[in-house]
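Engineer: no FASTA, just this:
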């Protein structure tokens, strides 16, 4: 647990109190969905176990979910990564993705998932404009 000063705790408390109505409204909108997910969780797990049990046993394979060559080309253009555009997802490509993710304050996992790919597309679009 984080150590907060008395002043920081008072600021947090004040924000909670001043945003109380919005927090309650949001919770009232979200609560039914949370309850339904909790209710269905055991059934969802059973379905996954029956249909695709390997998802529960190992991490999904990575390496084919995104166009590695396009990512390499984009990283070269945006952060001067110096990658060979060969379509090989190796350690240098992973490190360049991590560097880009850090620079954009994204989750740093070395994988060009949805958020990272969207950021790359946006940044490449800005370069063309």
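Structural biologist: Ah, there it is. Bear in mind that the values here come from a model prediction, so they are computed numbers and not experimental data.

Engineer: Distance of residue 67 relative to residue 41?
Structural biologist: As judged by CB to CB, to the nearest Å, residue 67 and residue 41 stand 35 Å apart. The C-beta positions use only the backbone N, C-alpha and C, and glycine is treated the same way.

Engineer: Neighbour count: these two, which is higher?
Structural biologist: Each of residue 67 and residue 41 has its neighbours counted (other CB atoms under 10 Å); residue 67 has more, 13 against 10.

Engineer: Excluding sequence neighbours, find me the nearest residue to that one.
Structural biologist: Of all residues not flanking residue 67 in the chain, residue 87 sits nearest, at 7.9 Å (CB to CB, 6 or more residues apart in numbering).

Engineer: mind giving me the domain ranges of this protein?
Structural biologist: Structurally, the chain divides into domains by automatic domain parsing as follows: 6-57, 68-128.

Engineer: Of those domains, flag the one that's most buried.
Structural biologist: Of all the domains of the chain, domain 68-128 has the most neighbours on average by mean count of other CB atoms under 10 Å, namely a mean of 16.

Engineer: Could you name the helices and strands sitting against the lengthiest helix in the chain?
Structural biologist: Ranked by residue count and defined by DSSP state H, the top helix of the chain is helix 20-51. Packed against helix 20-51 by the contact rule (3 or more CB pairs under 8 Å, 6 or more residues apart in numbering; DSSP states H and E) you find helix 54-57.

Engineer: Please pull up the helix or strand immediately following the helix it packs on.
Structural biologist: helix 68-79 (DSSP states H and E).

Engineer: That's all I had, so thanks and see you.
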